[in-house]
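> Below is the sequence, then the predicted model.
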Amino acid sequence: MNDIRYGLLLPGGVAQLQRDGAARHLAELAVTAERMGFDSVWLGDSLSRARIEPLTVLAAAAALTERITLGTAALMPAYRHPVQAAATLASLDQLASGRLILGVGAGFPELSRAEFDLVGVDYRTRFSQLDDTVDLWRRLWSQNTDPFHGKVLHYDWLPDVPQPHRPGGPPIWATGITPAALARTGRRYDGWLPYPPDVRAYAEGLTVVRSAATAAGRTETSVTPALFATVYLSDDPHAGRAALDRYTQATYRMPVDTVETIQVLLTGTAEHVAAQLDRYIDAGAEHILLRIAALDPAEFDSQLALTEPLLRPMTISH
């Protein structure tokens, strides 16, 4: 029996920043999510889409909450110096008393290229950069300061960094679904947080992840299967789809017709959306991260209230 966990992506994007005191509001929203029964709250990371800096807000949320898991979905490690980031994340894990999960990524295809150029990281080596950074973090969090030489990162000297609350550091989840990403996830990562629009692709991907894990000498349960789902709850299917289109246009500069071929986007009543999420749960998902497709802060608040039926306690056997 697997307990199904539900997370909320905090609205740290450009439109939500219109709210006065946006960063403080996001930290306080984590308290609201905890009271509602969410198991986790998450924040994304971007340099080009005017987002609140996620680690700062999660640090504040750590001080305001007691049980809820705090996560990044997804953090872009390439945008921070790897050693400094190791110290920052360890400090954040201390503040959260070990409640931190790091979803990490290498950017949205092509849309992130300018961001990599801005920070001086070669976009072509972004996946090696990601894996090297994660390997370096885990080494530093194990108090190993030996010289590090990966595919991209090379350090002949490394300092001691603060140690995380959780021995060895927080779990690190990967987000990709390409064949190479699935294999890397199974071999190296602690969780899988994709957003495929086809539940069959999710099931097939999870099979590849688990096979790669066992081939690497790990157990199938070494990798937590999660799902990143964008939702808008509405009794009117046309209004719901229009809301999804407004959100994808604002977030990706792409229409919903395009984004729904890449990401799972759901609209309808709470019962309908729950039934669609149940299909992913049947395929193996154990942690469902909900991103509410609302741009206006007041609209987000009303949508959040509508999500409560989705948080029903349930278990399911596979």
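Yes, it's here.

> Tell me which strands the strand or helix carrying Ala229 pairs with, and in which orientation.
Counting by DSSP states H and E, the element that carries Ala229 is strand 224-233. Applying DSSP bridges, strand 224-233 is found paired with strand 191-192 (parallel), strand 265-268 (parallel), strand 287-292 (parallel).

> Next one: the residue nearest the centre of the chain from Met254, what distance?
Closest to where the C-alpha atoms of the chain average out (Cα atoms, centre = their mean) is Ala73, at 2.1 Å. Per Cβ to Cβ, to the nearest Å, Ala73 is found 19 Å from Met254. From N, CA and C alone the C-beta is placed, and that goes for glycine too.

> For Val121, which of the strands paired with strand 224-233 is the nearest?
strand 191-192 (23.7 Å; Cβ to Cβ).

> what's the closest one in contact with?
If you take Cβ atoms under 8 Å, 6 or more residues apart in numbering as the criterion, strand 191-192 is touched by 101, 103, 171-175, 185, 205-206, 209, 223-226, 287.

> what's the answer for stretch 247-262, then?
13-15, 49, 108, 111, 195, 197, 230, 232, 241, 244-245, 265, 293-295.

> Now do the strand holding Ala229: distance to the chain's middle.
10 Å (Cα atoms, centre = their mean, to the nearest Å).

> Give me the buried positions along it.
Going by neighbour count (16 or more other Cβ atoms under 10 Å), the buried part of strand 224-233 is 224-233.

> I'd like the distance from the nearest residue to Thr125 once chain neighbours are set aside to Asp132, if you could.
The spatial neighbour of Thr125 that comes closest, neighbours along the chain excluded (Cβ to Cβ, 6 or more residues apart in numbering), is Val152 at 5.3 Å. Note on Val152: its distance to Asp132, by Cβ to Cβ, is 5 Å.

> Among the contacts of stretch 247-262, name the buried ones.
13, 15, 49, 108, 195, 230, 232, 241, 244-245, 265, 293-295.

> got the contact list for the residue lying farthest from the centre of the chain?
Distance to the chain centre peaks in the chain at Asp156, reaching 31.8 Å (criterion: Cα atoms, centre = their mean). The neighbourhood of Asp156, defined by Cβ under 8 Å, 6+ apart, consists of Pro147.

> do the same with the one 3 residues further on
For Pro159, the contact set (Cβ under 8 Å, 6+ apart) comprises 83, 145.

> Make sure it is indeed in a strand.
No: using DSSP: H, G, I helix; E, B strand; the rest coil, the secondary structure at Pro159 is coil, not a strand.

> does Asp190 really touch Thr221, like I thought?
No: judged on Cβ atoms under 8 Å, Asp190 makes no contact with Thr221 at a distance of 10.6 Å.

> The two - which one has more neighbours?
Asp190 (18 against 11; other Cβ atoms under 10 Å).

> Now that one. Nearest residue, chain neighbours left out?
Pro171 (3.8 Å).

> give me phi/psi at that neighbour?
phi -60, psi 140 (degrees, to the nearest 10).

> For the stretch 201-318 of the chain, which segments are assigned as helices?
Along the stretch 201-318 of the chain, the stretches classed as helices by DSSP state H, counting those that start in this stretch are 237-252, 256-259, 270-282, 297-306.

> In the shortest one, which residues are buried?
In other words, helix 256-259. In helix 256-259, counting by 16+ other Cβ under 10 Å, buried: 256, 259.

> Residue numbering should commence at 23 henceforth.
Got it, first residue is 23 now, which makes that one helix 278-281.

> Now do the strands in the stretch 23-172 of the chain.
24-25, 27-31, 62-65, 91-97, 122-126, 170-171 (DSSP state E, counting those that start in this stretch).

> Now render these as CSV, adding mean pLDDT.
As requested, the strands of the stretch 23-172 of the chain are exported to CSV (pLDDT from 0 to 100):
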stretch, mean pLDDT
strand 24-25, 76
strand 27-31, 98
strand 62-65, 98
strand 91-97, 97
strand 122-126, 98
strand 170-171, 98
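
> Can I get these in CSV including distance to Ala223?
As requested, the strands of the stretch 23-172 of the chain are exported to CSV (distance: least, Cβ to Cβ, whole Å):
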stretch, distance to Ala223
strand 24-25, 21
strand 27-31, 21
strand 62-65, 22
strand 91-97, 19
strand 122-126, 19
strand 170-171, 35
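
> Out of those, which is closest to Ala305?
Using Cβ to Cβ, those put strand 24-25 closest to Ala305, at 12.2 Å.

> Please verify my assumption that Ala205 contacts Ala234.
Yes: if you go by Cβ under 8 Å, Ala205 and Ala234 touch, sitting 4.7 Å apart.

> Have a look at the protein and report the helix or strand with the lowest mean pLDDT.
Across the helices and strands of the chain, mean confidence by mean pLDDT, DSSP states H and E is lowest for strand 337-338: a mean of 39.
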